[in-house]
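In: Quick one: sequence and predicted model below, then my questions.
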Amino acid sequence: MPPPRKKSAKSSSKGYLSHLDPLLKELNITSLKKLIFSPSHAWLAAIVLLVLELFVNIFVIHRVNYTEIDWVAYMQEVEGVINGTMDYSKLRGDTGPLVYPAGFVWFYMGLYYITSQGTNVMLAQYIF
């Protein structure tokens, strides 16, 4: 019976990162320029940016304290429309009169209902 084969130093030194070799060989300045500037590679850049944005948004929602700016005022203006007020001069919130177009009101009306009359702010943050 022949003696067992010895592992070569080349294969044992790479260990668990050996599956990344093909990727690392392709990772150079030329391929990065293609990824950034070539329209045929735009889909990959878009996916990478979308995933990064998803992680950043989740991090911000959970780690940064919520700062009330206009959410309550928007919900007050939407409540005015829901209650039947269609005159823009009479639609007001804590920050003043409604100055946004009707599309804004309809969009925030959807958020009003989805977020339990505007009380579930974290859900609204996830939607945005």
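Out: Yep, that arrived.
In: Spit out the contact partners of the nearest residue to Gly93 once chain neighbours are set aside.
Out: Counting by C-beta to C-beta, 6 or more residues apart in numbering, Gly93 lies nearest to Ala73, which is 3.0 Å off, once chain neighbours are set aside. All C-beta atoms are positioned from the backbone trio N, CA, C, and that covers glycine. Ala73 is in contact with Gly93, Asp94, Thr95, Gly96, counting by C-beta atoms under 8 Å, 6 or more residues apart in numbering.
In: so what's the backbone phi/psi at the third one?
Out: Think Thr95. Per-residue torsions, Thr95: phi -100, psi 0 (degrees, to the nearest 10).
In: again with the last one
Out: Note on Gly96: its backbone torsions stand at phi 130, psi -160 [degrees, to the nearest 10].
In: Offset the numbering so it begins at 15, please.
Out: I'll keep to 15 as the first residue from here, and by that count the last item is Gly110.
In: so what's it closest to, chain neighbours aside?
Out: Ala87 (7.7 Å).
In: The second one too?
Out: Using C-beta to C-beta, 6+ apart and skipping the chain neighbours, the partner closest in space to Asp108 is Ala87 (4.7 Å).
In: measure Ile50 to Thr44 for me?
Out: Computed as C-beta to C-beta, to the nearest Å, the Ile50 to Thr44 distance reads 11 Å.
In: Would you mind listing the residues in contact with Ile123?
Out: Actually, residue 123 is Met rather than Ile. Residues in contact with Met123 (C-beta under 8 Å, 6+ apart) are Val92, Val95, Ile96.
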